[in-house]
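> build me a structure from this.
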Amino acid sequence: MNHNPTPAPVSLRWQDTLFIYLSPASLRMLALGFSAGLPLLLVLGTLSFRLREAGIDRATIGFLSWVGLAYGFKWVWAPLVDRLSIPFLTPRLGRRRSWLLLAQVAIVIGLLGMAAVNPQASLTPLVGFALLVAFGSATQDIALDAFRIESAHARLQAVLAASYQTGYRLAMIWAGAGVFWIAAKAEVSGLPAGTYQDAAWGVAYTAMAVSMAVGMLTVMFSKEPARVDVAPAHSLREWLQVAVVAPFAEFIQRYRWHAVLLLALIGTYRISDIVMGIMANPFYVDMGYSKEEVATVTKLYGVVMTLVGAFIGGGMVLRLGVMRVLMLGAVLSALTNLLFAWLAMHGHDVYALIAVVSADNLASGIASAAFIAYLSSLTNVQYSATQYAMFSSLMLLLPKFLAGFSGVAVDAGGYAWFFVGTALLGLPVLVLVWLASRLQQGR
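This is a model prediction of the structure:
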């Protein structure tokens, strides 16, 4: 039976637990988590707001969301990050730190490029720099997971993961609310309302690039984890067999024809949220919400409600089981999209926005907690890293592809009908969760 030994419980006083969270290893992961969470919104949510404010049409913004597909394919080059040395850097920093630093440099260059390019003048270079940020960010995620796992004993992995998630969420607040606040403060007063000020966004994106120094300095002053030797692949065919084919083959062999059902569920579970999410920021612009309102309600308060939802969802999974909460998360994700349809007809109202965003992010947190638990339960520990990476990538592919057409859908039917349509996308998910639950009961 393939399994990792479960760390034995250790009796600790509360003050000792606090000291563990304040240990160098934990604080290191806090800083690196911040570095990992920073780029995501800057090439997706925040960028869509900036583009809509610049007058870019919704269809184009939807298609540009395909930049995020880089995160869905990161498993393809993950084996390269595991095995390939970087000339000059790896001999001096080690395998993990050299890849981390290279990825962070790519992110900084991309963010500075996005700061310098005015989308009203030319979109092509902006897209190129956004792609560089996305690929650098995905590569950083790969190297950082390996760095975390190899840096500490199994007993400390939960602490490191918690510190990492805390840093990640803090970065999302900074890259969401922070960048809006900076851009708003950098605007020149006295111009007509609604005037697009690219220089203000340039200041904000430059500040985000400078913020990557948190992760870069942490890498430079960290210790390279003990080297884990991997058996070299003697041919491309052997590499493909070990890195790609074997994990998928094991999953299909284990579940046989039921694997199709499970992969369909994985590939569609978050479809309502992801397809709707691309048009959320253009929706806020078109509804007349200011940068400060969007920053406070959606980027700060919304993130907090997501964390609350994740906490509630985790507790519900322990009490009710993963499949029941998975079904609840799917229902709530679809229903909360209907609240956005109501908001589109209701009009500009900050208090209504607070209510809708609160419900949506709470539902998202519950659904995410259940879904992560479910994905983890499907992996074989022999291939846990690879299978989990493939599952989490599969989760994004179809929704991100469909999200590319979200702007076209809004132009054709308006925001209210678009949000209703994204809610209806969740109906097949309910059937898949029910079938998967029956499958689990029968095993």
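
> spatially nearest residue to residue 330 (excluding sequence neighbours)?
residue 429 (4.8 Å; C-beta to C-beta, 6 or more residues apart in numbering). C-betas here are computed from N, CA, C, even on glycine.

> wait, doesn't that neighbour sit right on residue 265?
Yes. Counting by C-beta atoms under 8 Å, residue 265 is a contact partner of residue 429 at 7.3 Å.

> check which element follows the worst-scoring helix or strand of the chain on mean pLDDT along the chain.
Scoring the helices and strands of the chain by mean pLDDT, DSSP states H and E places helix 14-21 at the bottom, with a mean of 56. The first helix or strand that comes after helix 14-21 along the chain, using DSSP states H and E, is helix 24-42.

> for the residue nearest to residue 176 when sequence neighbours are not counted, grab the count of nearby residues.
Excluding the flanking residues, the one nearest residue 176 by C-beta to C-beta, 6+ apart is residue 299, at 3.0 Å. By other C-beta atoms under 10 Å, the residues close to residue 299 number 26.

> OK, contacts around residue 299?
41, 172, 173, 176, 177, 178, 180 (C-beta atoms under 8 Å, 6 or more residues apart in numbering).

> what would these look like in a markdown table with secondary structure and distance to residue 237?
Shown next, in a markdown table, are the contacts of residue 299 (DSSP: H, G, I helix; E, B strand; the rest coil; distance: C-beta to C-beta, whole Å):
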| residue | secondary structure | distance to residue 237 |
| --- | --- | --- |
| 41 | helix | 40 |
| 172 | helix | 41 |
| 173 | helix | 46 |
| 176 | helix | 44 |
| 177 | helix | 49 |
| 178 | helix | 47 |
| 180 | helix | 50 |
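
> now these as JSON lines including pLDDT?
Shown next, in JSON lines, are the contacts of residue 299 (pLDDT from 0 to 100):
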{"residue": "41", "pLDDT": "83"}
{"residue": "172", "pLDDT": "85"}
{"residue": "173", "pLDDT": "85"}
{"residue": "176", "pLDDT": "82"}
{"residue": "177", "pLDDT": "82"}
{"residue": "178", "pLDDT": "88"}
{"residue": "180", "pLDDT": "88"}
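
> what about the stretch 201-350 of the chain, any weak spots by pLDDT?
In the predicted model, the stretch 201-350 of the chain carries pLDDT under 70 at residues 226-236, 239, 243-244.

> which stretches of the stretch 251-400 of the chain form helices?
258-268, 271-277, 280-286, 291-294, 302-320, 322-346, 350-378, 384-403 (DSSP state H, counting those that start in this stretch).

> what sits up against the last one?
If you take C-beta under 8 Å, 6+ apart as the criterion, helix 384-403 is touched by 4, 62, 65-66, 68-69, 71-75, 78, 145, 149, 243, 247-248, 250-251, 263, 266-271, 273-275, 277-278, 371, 375-376, 378-380, 425.

> helix/strand/coil for the residue of the chain most remote from its centre?
Most distant from the centre of the chain: residue 190, at 37.7 Å, with distances by C-alpha atoms, centre = their mean. With DSSP: H, G, I helix; E, B strand; the rest coil as the basis, residue 190 sits in coil.

> quick one, phi psi at it?
phi 90, psi -10 (degrees, to the nearest 10).

> next up, the contacts around it.
Applying C-beta under 8 Å, 6+ apart, no residues contact residue 190.

> again with residue 411
So residue 411 contacts 57, 58, 59 (C-beta under 8 Å, 6+ apart).

> out of the contacts of helix 384-403, which are buried?
62, 65-66, 68-69, 71-72, 74-75, 78, 145, 149, 243, 247, 250-251, 263, 266-271, 273-275, 277-278, 371, 375, 378-379, 425 (16 or more other C-beta atoms under 10 Å).

> what score does residue 389 have for pLDDT?
At residue 389, the pLDDT value in this model is 68.

> same thing with residue 1?
Note for residue 1: predicted pLDDT of 41.

> next one: residue 168
Reported pLDDT for residue 168: 84.

> where does it sit: helix, strand or coil?
Assignment for residue 168 (three-state DSSP): helix.

> distance of the closest residue to it other than its chain neighbours relative to residue 169?
Counting by C-beta to C-beta, 6+ apart, residue 168 lies nearest to residue 37, which is 3.6 Å off, once chain neighbours are set aside. The gap separating residue 37 from residue 169 is 7 Å, by C-beta to C-beta, to the nearest Å.

> same question, residue 272
Note on residue 272: its distance to residue 169, by C-beta to C-beta, is 22 Å.

> run a quick neighbour tally on the closest residue to residue 31 other than its chain neighbours.
Here the nearest residue to residue 31 in space, its sequence neighbours aside, is residue 218; by C-beta to C-beta, 6+ apart that works out to 4.2 Å. Neighbours of residue 218 under the rule other C-beta under 10 Å: 21.

> how near is residue 218 to residue 132?
With C-beta to C-beta as the criterion, residue 218 and residue 132 are 21 Å apart.

> swap in residue 419?
Distance from residue 419 to residue 132, by C-beta to C-beta: 32 Å.

> quick one: which of those two has more around it?
Legend: neighbour count by other C-beta under 10 Å for residue 419 and residue 132, higher for residue 419 (26 against 21).
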